[in-house]
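[1] Sequence first, then the predicted structure:
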Amino acid sequence: MFSLRPQNRRRRPQQPSRWSLPAIPWAGLGRWTLGLGSVAAALLLTAWALDQPITTVSVVGRFERVAPLDVERAVKESASGQGLVSVNLAKVRAAVRALSWVDTVSVQRSWPRGLAVTIGEQVAAARWGDSALLNTRGELFAHEATHLPLELPRLSGPEGTQSSVVQRYFSMRDRLQEMGMRITALRLDARGAWELDLDDGVTVRLGRQQLDQRFNTFMATAARIVAQRATDIAYVDMRYANGFAIGWRGAGTGDAKHGGDARNV
């Protein structure tokens with residue numbers, strides 16, 4: 001039988017590891033830092049030299065309602081005491097945007113001492129209530145307008161319904177124009193009932209229910225009668241299940257019903 005005995009071997013003592021920091025070229029680093037400082041100083045000096053007082057304001061746009069002098073005044077007030085480099089363009093843009101009838105604004109620096117302002121005017125689609133205007137997106141502007149274009153239709157409805165009323169107006173307007181008719185007013189009351197006025201003085205009552213179906217019925221049937229006898233008609237009531245009623249002008253005249261047995265709102 002053989003047996004293996006571990007042999008005792010002497011281990012060499014481990015040498016401690018040695019490491020050292022790389023040599024730092026302090027002189028070169030100093031020159032590099034000095035170089036960066038020089039560049040920064042040059043940039044600051046250049047910025048200071050370019051930050052000249054603003055002396056000119058150019059206003060570009062197709063103006064019908066916006067006065068260029070009002071734009072120039074708003075720019076000067078919002079940029080007062082600032083140079084061309086340090087001026088806050090967002091603040092200037094907001095000041096011009098707050099003017100009546102201003103829709104879009106672009107403000108850019110115009111070297112060496114000017115600002116260039118490009119204006120896009122609001123396009124009024126309708127009046128809203130007694131003193132406000134709506135643009136083609138259904139947004140209110142000129143909330144306290146003193147001079148409302150009377151040729152625009154007058155729309156009204158509960159607070160927050162501006163967009164839906166404008167969309168309904170556009171859809172009805174386009175179809176009525178094909179019949180030679182024009183909407184002068186569209187109303188949505190607090191109960192959700194719709195009513196519109198035509199330029200010939202006829203009122204069309206559509207009610208709350210089946211609005212699209214009732215308007216289609218008006219266009220297919222009642223509109224022809226209105227076109228022929230508008231001067232005799234006061235209103236057309238479309239709130240009937242299968243027809244409509246006509247209210248004639250003049251005292252003592254009753255409604256003429258065209259189909260339908262019962263009226264619903």
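    Arrived safely, thanks for sending. Residues are numbered from 1 along each chain as shown.
[2] quick one: low-confidence ranges for the stretch 151-265 of the chain?
    By pLDDT under 70, the low-scoring segments of the stretch 151-265 of the chain are 251-263, 265.
[3] Let me see the ranges of the helices in it.
    162-178, 211-217, 223-229 (DSSP state H, counting those that start in this stretch).
[4] could those go into a markdown table alongside distance to Arg154?
    (C-beta placed from N, C-alpha, C; glycine too.) Output for the helices of the stretch 151-265 of the chain, formatted as a markdown table (distance: least, Cβ to Cβ, whole Å):
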| stretch | distance to Arg154 |
| --- | --- |
| helix 162-178 | 10 |
| helix 211-217 | 19 |
| helix 223-229 | 20 |
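[5] so which of those gets nearest Trp194?
    helix 211-217 (6.0 Å; Cβ to Cβ).
[6] tell me what the closest one is packed against?
    If contacts are counted by 3 or more Cβ pairs under 8 Å, 6 or more residues apart in numbering; DSSP states H and E, helix 211-217 sits against strand 203-207.
[7] and the strand it packs on, which strands flank it?
    Using DSSP bridges, the strands paired with strand 203-207 are strand 194-198 (antiparallel), strand 233-237 (parallel).
[8] so can I have a markdown table of those showing distance to Ala95 and mean neighbour count?
    Listed next are the strands paired with strand 203-207 as a markdown table, based on distance: least, Cβ to Cβ, whole Å; neighbours: other Cβ atoms under 10 Å:
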| stretch | distance to Ala95 | mean neighbour count |
| --- | --- | --- |
| strand 194-198 | 39 | 20 |
| strand 233-237 | 48 | 20 |
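[9] Distance to Arg175 added to those, as TSV?
    Listed next are the strands paired with strand 203-207 as TSV, based on distance: least, Cβ to Cβ, whole Å:
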stretch	distance to Arg175
strand 194-198	12
strand 233-237	15
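[10] Let me know which of those is the nearest to Met181.
    Closest among those, once you apply Cβ to Cβ, is strand 194-198, at 5.3 Å.
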